[in-house]
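> The sequence and its predicted three-dimensional model are supplied below.
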Amino acid sequence: MAMRWLFDMKIFENGSRAAIYKFIKENPGTYPLEIMRETNIGRGTVLYHLDILLYAGMVACLKDGRLKKYRAAQKAGI
C-alpha cells in the first residue's frame with residue numbers, strides 16, 4: 001500500500017513536486033541548487049521530491065563530477 005499514489009499517477013498532485021518536475025523538464029541538466037533557487041523550494045523538500053520522481057521513473061539523474069544533474073525521463077510524457 002505504501003506509495004500507492006505513485007501508481008495511480010497522482011504523483012503531480014503535490015504542488016512542489018509538480019513545480020520541480022516542470023522546472024526540470026524546461027531546464028534539462030539542472031541540479032538541485034539551481035532548482036532550489038529558481039522554484040524557491042527548500043533543500044530538503046527538493047531532495048525529497050527528486051527521490052520520488054526518480055523512483056517513479058519521471059526523471060533521470062546523471063552524475064557530472066560532484067554534481068547530480070536531472071532531466072525528464074524519456075518515458076515521462078507528462
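Received, thanks.
> Quick check: which element contains the most centrally placed residue in the chain?
Centroid check for the chain by Cα atoms, centre = their mean gives L50 as the closest residue, at 3.9 Å. Per DSSP states H and E, L50 falls inside helix 43-55.
> So for the helix or strand following that helix, what gets flagged as buried?
Sequence-wise, the next helix or strand downstream of helix 43-55 (DSSP H and E) is strand 59-64. Along strand 59-64, these residues count as buried under the neighbour rule (16 or more other Cβ atoms under 10 Å): 59-60. For every residue, glycine as well, the C-beta is placed using N, CA and C.
> and strand 59-64, what other elements does it pack with?
The criterion is 3 or more Cβ pairs under 8 Å, 6 or more residues apart in numbering; DSSP states H and E, and the helices and strands that strand 59-64 contacts are helix 43-55, strand 67-72.
> Now the longest one - C-alpha only, PDB.
The C-alpha atoms that make up helix 43-55 are tabulated as PDB, following Å, rounded to 0.1, in the frame of the first residue of the first chain:
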ATOM      1  CA  ARG A  43      16.700  22.000   0.000                       C
ATOM      2  CA  GLY A  44      15.100  19.100   2.000                       C
ATOM      3  CA  THR A  45      11.900  19.400   0.100                       C
ATOM      4  CA  VAL A  46      13.600  19.500  -3.300                       C
ATOM      5  CA  LEU A  47      15.800  16.400  -2.500                       C
ATOM      6  CA  TYR A  48      12.800  14.500  -1.100                       C
ATOM      7  CA  HIS A  49      10.700  15.100  -4.300                       C
ATOM      8  CA  LEU A  50      13.700  14.400  -6.600                       C
ATOM      9  CA  ASP A  51      13.900  11.000  -4.900                       C
ATOM     10  CA  ILE A  52      10.200  10.300  -5.500                       C
ATOM     11  CA  LEU A  53      10.500  11.500  -9.200                       C
ATOM     12  CA  LEU A  54      13.500   9.200  -9.700                       C
ATOM     13  CA  TYR A  55      11.700   6.200  -8.100                       C
END
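> Thanks again, I'm all set now.
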